[in-house]
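1. All I have is the shape, not the residue letters:
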Ligand SMILES: NC(=O)c1ccc[n+]([C@@H]2O[C@H](COP(=O)([O-])OP(=O)(O)OC[C@H]3O[C@@H](n4cnc5c(N)ncnc54)[C@H](O)[C@@H]3O)[C@@H](O)[C@H]2O)c1
């Protein structure tokens, strides 16, 4: 799909991977819709990017808010062609702590935002996209989800997070098959550790230890490298139903 003139929605669009992708797609000539819980950052980005941008404060886990997100996007830009699902949380918690087992609500919260939220936005975006006239390559829409290397090699303390990301990997092929008759492609990206605000919580010591485990290049990923992969997946019409790792060949250890 050609990006210029299309409408691009990114959840988690006010920070990290989502923000960098919003900036890239805006520079490539797309209308951009920033979906995030963080009103302050979202509104500042909307103001900076100007006319061809829209911020909608949205909790991806809320059916009503995500429905309203697409109503507002269509009201302003007419159509939605591309979705990037980036909203996510990664609170580290072991299955057994000093006080007992991980409370079920803590596990459910991560699944609710990362996995249920991804499906919530994916399904509602697909509905809106299914009404588009087919464009070049006969496509009506493209959806990219963000999984994680933790879907394959969950580390200590990542039980809920890796389960949520594994769900996204498993969803990808089914979603591509389900939405094939609507001419909507679905892919996912599984990054290792990247330099975003989410990784800012890691100490210099942890970053050094993580970097040493990476075969090449021995550094954390740059969010621009992630956004470049999003662009490739949107532009290449034969990419569908698959999850791509972006990780410098690292396979994460237990910690
Ligand atoms: N940074 C990494 O190393 C890394 C690695 C693998 C996967 N990921 C995944 O990439 C995605 C983006 O991560 P990031 O590093 O850019 O993080 P980030 O913390 O910089 O951005 C995440 C954004 O999601 C928003 N958000 C959180 N809960 C939300 C909700 N319920 N509804 C709407 N918005 C919500 C936050 O406000 C924030 O702006 C996440 O799904 C994360 O799991 C990140």
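-> Arrived safely, thanks for sending. Just so we're clear, the structure is a prediction, and the values are computed from it rather than from any experiment.
2. can we go C-alpha only for contacts and neighbour counts from here?
-> Will do.
3. Show me how far stretch 84-99 is from its chain's centre.
-> Computed by C-alpha atoms, centre = their mean, to the nearest Å, the chain-centroid distance of stretch 84-99 equals 16 Å.
4. How far does that stretch stretch from one end to the other?
-> Length of stretch 84-99, first residue to last, C-alpha to C-alpha, to the nearest Å: 38 Å.
5. Now do the buried residues in it.
-> 84, 85, 86, 87, 88, 93 (16 or more other C-alpha atoms under 10 Å).
6. Please narrow those residues to those residing in strands.
-> Mapping the buried residues of stretch 84-99 onto strands (DSSP state E) picks out 84, 85.
7. Make a markdown table from the buried residues of stretch 84-99 and add pLDDT to it.
-> Output for the buried residues of stretch 84-99, formatted as a markdown table (pLDDT from 0 to 100):
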| residue | pLDDT |
| --- | --- |
| 84 | 99 |
| 85 | 98 |
| 86 | 98 |
| 87 | 98 |
| 88 | 97 |
| 93 | 93 |
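8. restrict the buried residues of stretch 84-99 to those near the ligand?
-> Filtering those for proximity to the ligand by C-alpha under 6 Å from any ligand atom leaves 86, 87, 88.
9. need the contact list for residue 243.
-> If you count contacts by C-alpha atoms under 8 Å, 6 or more residues apart in numbering, residue 243 has them with 169, 172, 187, 188, 189, 190.
10. repeat that with 10 Å
-> Residue 243 is in contact with 144-148, 168-173, 186-190, counting by C-alpha atoms under 10 Å, 6 or more residues apart in numbering.
11. and what of residue 18?
-> Going by C-alpha under 10 Å, 6+ apart, residue 18 touches 9-12, 24, 34-36, 84-87, 146, 196, 223, 226-227.
12. Likewise for residue 198?
-> For residue 198, the contact set (C-alpha under 10 Å, 6+ apart) comprises 15, 16, 17, 88, 89, 90, 91.
13. The fifth one contacts residue 161, correct?
-> Yes. Because the distance of 7.9 Å satisfies C-alpha atoms under 10 Å, residue 89 is recorded as touching residue 161.
14. okay, and the common contacts of those two?
-> Common neighbours of residue 89 and residue 161 (C-alpha under 10 Å, 6+ apart) are 109, 110, 111, 114.
15. tell me the pLDDT at the third one?
-> Per-residue confidence (pLDDT) for residue 111: 98.
16. Contacts only, for it.
-> 61, 88-89, 105, 117-118, 160-165, 167.
17. Which residue ranges of the stretch 51-200 of the chain form helices?
-> Counting by DSSP state H, counting those that start in this stretch, one finds helices in the stretch 51-200 of the chain at the ranges 63-77, 104-110, 117-129, 159-178.
18. Let me have those in TSV, adding distance to the ligand as columns.
-> TSV is the format used below for those (distance: least, C-alpha to the nearest ligand atom, whole Å):
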stretch	distance to the ligand
helix 63-77	9
helix 104-110	9
helix 117-129	7
helix 159-178	8
